[in-house]
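Trainee: With the sequence up front, the predicted model follows.
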Amino acid sequence: MPEKPLSLADELEIFVREQASQFGEVISYVPAKRNQPITTASVTETTKEVLAPVSSTLRIAELEEKLAPYNSEAWRQATSLDVMKEIIHDCTKCALGATRTKLVFGTGSAKAKVMVIGEAPGADEDAAGEPFIGRAGQLLTKMLEAVNFSRDEVFITNILKSRPPNNRDPKPEEVAACEPYLWKQIELIQPKFIICFGRVAGMNLLKLETATLAKMRGNVYDLHGISVMVTYHPAALLRNPDWKKGAWEDLQKFRQLYDAAV
């Protein structure tokens with residue numbers, strides 16, 4: 001007797017479970033079977049409002065205003081990421097310039113619709129000059145792939161381009177010295193979406209000085225017309241398995257946000 005053809009809903013459910021399993025290969029978590037497949041059509045009206053993109057147009061004038069104090073510096077006039085990287089690779093604007101091995105500029109597509117922003121490089125990243133390549137970086141790759149993003153199509157960077165000793169939190173003066181470089185990267189790439197991994201990344205990018213990760217998660221913020229969400233840092237997931245389910249839920253929401261706009 002021939003098998004009954006799968007309905008579209010069944011096919012979508014299988015797809016979602018496959019993605020969850022891929023995510024679970026690294027963090028040992030496969031979400032429980034849902035009653036509804038994860039699609040834009042199945043999202044409730046309330047959720048649609050929460051996950052709606054904040055804008056469709058980057059407000060470039062706001063970025064230019066923030067960057068105006070640096071107009072006399074050579075990197076400010078860079079017309080590509082490659083040129084900018086070459087100009088700032090030996091930056092010593094803060095004390096970390098004397099202790100790092102390599103400046104970690106960022107990698108990925110110069111035309112990315114999505115930017116991934118972490119806190120700062122770790123030891124592996126400092127040695128190689130590339131972001132997210134250690135154990136946490138391998139997990140990040142799997143997390144992105146689980147919701148159908150490849151590292152090649154996004155741009156990955158950090159709040160700081162240099163590693164703080166012993167992986168401590170960035171100091172305010174270090175953020176102040178380095179964040180204009182991030183603004184310039186945003187100006188050049190002009191992404192539509194940003195996902196911050198970790199409290200420190202979200203707090204510093206969005207200037208939410210007293211915000212906890214719990215309060216930031218699940219919200220869509222407006223950064224100069226860019227839709228921004230915040231979730232757990234992969235390194236935190238490696239240390240705290242109980243947070244795995246929340247991270248998977250955040251990534252699904254981010255994918256929904258992306259799919260609703262593109």
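Mentor: All right, it came through fine.
Trainee: Please count neighbours and contacts with C-alpha atoms only from this point.
Mentor: Noted.
Trainee: How much space separates the residue nearest the centre of the chain from residue 157?
Mentor: For the chain, the residue whose C-alpha lies nearest the mean C-alpha position (C-alpha atoms, centre = their mean) is residue 116; its distance is 2.4 Å. In this structure, residue 116 and residue 157 are 6 Å apart, going by C-alpha to C-alpha, to the nearest Å.
Trainee: these two touch, right, residue 221 and residue 230?
Mentor: No - in terms of C-alpha atoms under 8 Å, residue 221 does not count as a neighbour of residue 230; the distance is 9.0 Å.
Trainee: which of the two has more neighbours?
Mentor: Each of residue 221 and residue 230 has its neighbours counted (other C-alpha atoms under 10 Å); residue 230 has more, 31 against 18.
Trainee: So that one lies in a helix, does it not?
Mentor: No - residue assignment for residue 230, taken from DSSP: H, G, I helix; E, B strand; the rest coil, gives strand, which places it outside any helix.
Trainee: Now it: closest residue in space, sequence neighbours ignored.
Mentor: Closest residue in space to residue 230, ignoring its immediate chain neighbours: residue 196 at 4.6 Å, by C-alpha to C-alpha, 6 or more residues apart in numbering.
Trainee: Now for the one you found: which residues touch it?
Mentor: Residues in contact with residue 196 (C-alpha atoms under 8 Å, 6 or more residues apart in numbering) are 116, 117, 118, 202, 228, 229, 230, 231.
Trainee: Got the confidence number for the residue nearest to residue 234 when sequence neighbours are not counted?
Mentor: By the measure of C-alpha to C-alpha, 6+ apart, the closest residue to residue 234 outside its immediate chain neighbours is residue 136, 5.1 Å from it. We note a pLDDT of 92 for residue 136 in this prediction.
Trainee: buried stuff in whatever helix or strand residue 136 lives in?
Mentor: Here residue 136, judged by DSSP states H and E, is contained in helix 135-146. Of the residues in helix 135-146, those with enough neighbours to count as buried (16 or more other C-alpha atoms under 10 Å) are 136, 137, 139, 140, 141, 142, 143, 144, 146.
Trainee: Would you mind checking which of those residues is nearest to residue 92?
Mentor: Minimum distance to residue 92 across those is 25.9 Å, recorded for residue 137 (C-alpha to C-alpha).
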